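Asker: Next one to model:
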Amino acid sequence: MTIMNNDEFRHKASGHYPSFILTYNINTGDLSKNNIGIYPNPMEVDTQEFKMILFGSPIVKNIVNKKDVISKVLLHRKLDQSYIKTINGEFLIILIDKKKNTLSIANDRFSSIQLYYYQNKKEVILSFAYLDILKIVKNKIGFKMRGDIVFEYLWFRRVYGESTYDSLVKFIKPARILILSSKGKDEIVYYMPNFGKNNNSLRQNSKILASSISESMSRKLSDANSKKVGLFLSGGMDTRVLLSAFNKTNFIDKLQYFTLGYSKSGEYRVAKQLTKSHHSNHHFIELAHDYYDRYWRDKLYISGGLFNQYSIIFAGHSDLISPHANLLFHGHGLDYMFQGMYLPTSTMKIFGKSTYFKTIDNLNGLSNFSSYFSNNSPYRAWRVKVGDYVKPEYKDEIIEGLYSRIESVADEGMSICSDNYDLWEYMLIHTPSRHYSQTDVTGISTNGEQRKIANDNDLFNFYTSLPIKHRIHARVMRGALKELSPEFSRIISANTGYKINASPASLTAHFIWYKLLRTVTNNQKFSHPKASSRTWPDIDNEVRIRPRLREDIIKLQNSEHLRYLLPFFDFNKLEKDIDQWINKGRPGGGLFLTSLLTIDNMMKEFL
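Answerer: Sure thing, here's the model as predicted:
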């Protein structure tokens, strides 16, 4: 048996997207590999009976241990679901049985290493990047593009289930074991979340969360002694909690910090307060003011067209990062798990003005969950009613088709959900790596190996056990931060300019007082922090002032690709609205326009 870290899997140079394409011949058992470049380098095994490729950093008994996974899989002579279920962390296993002529695939419960596949009776094609595989299958029998799924992306900023923009390529959902052969496909779901809630107090759950985050970090650092470790640090809550946990490890003295921004006056200013005792380790990566207008092709492949390519800011910085760190941590995923982001809530108002108080919406009286979720999901496209762009004669078909696909996803979760609140959560986590923020994670992985603290089995189980009252207003996360670092919990948030552990009542009172002071003194220092001081720029403004973006968006109304793909779309309305958004300064169109532009760029790239 030969085990190797194959040099063929070495990552590409700065600015390139992670990718691999594997083609398996079902009749001969041959496997060809192309376009390989992904962190960490996969491990490959070739024996007389099996060929195996292991991606990611699987954790066995609290330690990153790739060799244990390889030996156990070969011992079982298959991807045994009872064993796969015990593996923690981020992994993807591909196993070829040379005698049975089968290709088996197992992924983690987060689908953290995205995989798209195409299968016919002769071959299986696997790809990390959707655009890569799309270019191959476009010439296959039965291929056609699906405008209804593109509409779903425009509506939700993501795609659900296993669908892609074409009729042949599928996305592998999480916690799956797929067995592909000339007979077709067998699929095993080896894990489903448990939404049973614990009865702990908020203080107890805060302590458990603090401990669970530290334990996840310890597991993901278990093989890191020979690595250079870095943390993407913002001025917000999630990475602050991670830094608090890092302070309790032996990596803290050599930990490297990276903060991105257009100037040092925003996130970096706050993040610097958190690292004041580690001055030499904190690196500010200044984004070019036309960054949204740059690297469009690499960003397109990172998005695959399935996400908005223009929202990517973490890609293309490896020249600045890799000399200091090759193992990168970040806080993605912790926001929706423990800060209550995307909960079904409504903002309370006082005298018509929004406050920081939220109330939980009543979901259990709904007569049509799929319709309600589709129209009220907090992460769907905002400020633009995408349905208004469907011509009247197509509207029922397109909208009802959307509701029907969402209902199919909800039906998968009905057996494990006790009420519509569980079902709401299931809709969020049923394919975590298809959420719109996945481009951040993939972008980070262009600079080195990323490890996502949130992708931890025990931490995830704890999240699904939390009562909603502990997650709203980030109550349990604020409590965990206080447990880990009382000092950090008193430092301001870059989002609000006020102490990060503040309650909704405290925040509301603070900004009412600031408004009074601003009115009396006319001093703008009493204003809420502006969007211009945040890491992400105002996309409404970007599409107006960036020459290339502006020019390309104006051309959208005449795009042959979009008209072919979206025959039900009202391009006359789009033309009028583009003029309002681009030339007349009407707010709200930036996200929608760059989403459309992503689709147009995708079509140009693969046709």
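
Asker: can you list the weak-confidence ranges in the chain?
Answerer: For the chain, applying pLDDT under 70 flags the ranges 1-15, 514-515, 525-526, 528-535.

Asker: distance from the centroid: which residue in it tops it?
Answerer: Using C-alpha atoms, centre = their mean, the residue of the chain lying farthest from its centre is residue 520. It sits 43.7 Å away.

Asker: what about the residue lying closest to residue 76 once chain neighbours are set aside, distance to residue 307?
Answerer: Closest residue to residue 76 apart from its sequence neighbours, by C-beta to C-beta, 6 or more residues apart in numbering: residue 83 at 6.2 Å. (Each C-beta comes from the backbone N, C-alpha and C, glycine too.) Note on residue 83: its distance to residue 307, by C-beta to C-beta, to the nearest Å, is 33 Å.

Asker: From the centroid of this protein, which residue is nearest?
Answerer: residue 438 (2.2 Å).

Asker: In this structure it contacts residue 303, no?
Answerer: No - counting by C-beta atoms under 8 Å, residue 303 is not a contact partner of residue 438; they are 9.0 Å apart.

Asker: okay, and the common contacts of those two?
Answerer: Common neighbours of residue 438 and residue 303, counting by C-beta atoms under 8 Å, 6 or more residues apart in numbering, are absent.

Asker: ok, back up a step: can you tell me which residues contact the residue nearest to residue 76?
Answerer: The neighbours of residue 83, taking C-beta under 8 Å, 6+ apart as the test, are 72-73, 76.

Asker: rerun that using 10 Å as the cut-off
Answerer: Residues counted as contacts of residue 83 (C-beta atoms under 10 Å, 6 or more residues apart in numbering) are 60, 69, 72-73, 75-76, 106, 190.

Asker: can you tell me the helix or strand for it?
Answerer: helix 81-84 (DSSP states H and E).

Asker: for residue 563, same thing?
Answerer: Taking DSSP H and E as the criterion, residue 563 maps to helix 560-565.

Asker: Now residue 270. Nearest residue, chain neighbours left out?
Answerer: Counting by C-beta to C-beta, 6+ apart, residue 235 is the residue found nearest to residue 270 once chain neighbours are left out, at 3.1 Å.

Asker: Kindly provide the distance from residue 377 to residue 344.
Answerer: Distance of residue 377 to residue 344, computed by C-beta to C-beta: 9 Å.

Asker: do the same with residue 404
Answerer: Residue 404 is 21 Å from residue 344, by C-beta to C-beta.

Asker: In terms of neighbours, single out the busier of these two.
Answerer: residue 344 (19 against 10; other C-beta atoms under 10 Å).

Asker: Give the buried residues for stretch 488-504.
Answerer: Buried residues in stretch 488-504, counting neighbours by 16 or more other C-beta atoms under 10 Å, are found at 488-489, 491-498, 500-502, 504.

Asker: Return the subset of these lying in helices.
Answerer: Per DSSP state H, helices hold the following members of these: 488-489, 504.

Asker: Next, format these as JSON lines and append distance to residue 200.
Answerer: Converted to JSON lines, these look like this (distance: C-beta to C-beta, whole Å):
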{"residue": "488", "distance to residue 200": "23"}
{"residue": "489", "distance to residue 200": "20"}
{"residue": "504", "distance to residue 200": "22"}
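
Asker: tell me which of those is nearest to residue 394?
Answerer: Residue 394 lies nearest to residue 504 out of those, by C-beta to C-beta, at 42.8 Å.

Asker: isn't that closest one right up against residue 350?
Answerer: No - counting by C-beta atoms under 10 Å, residue 504 stays clear of residue 350, with 11.8 Å between them.

Asker: Find the residues that touch each one of those two.
Answerer: Common contacts of residue 504 and residue 350, defined by C-beta under 10 Å, 6+ apart, comprise residue 357.

Asker: okay, now residue 284: neighbour count?
Answerer: Using other C-beta under 10 Å, the number of residues around residue 284 comes to 16.

Asker: which non-adjacent residue is nearest it?
Answerer: Spatial nearest neighbour of residue 284, chain neighbours left out: residue 268 (5.1 Å); criterion: C-beta to C-beta, 6+ apart.
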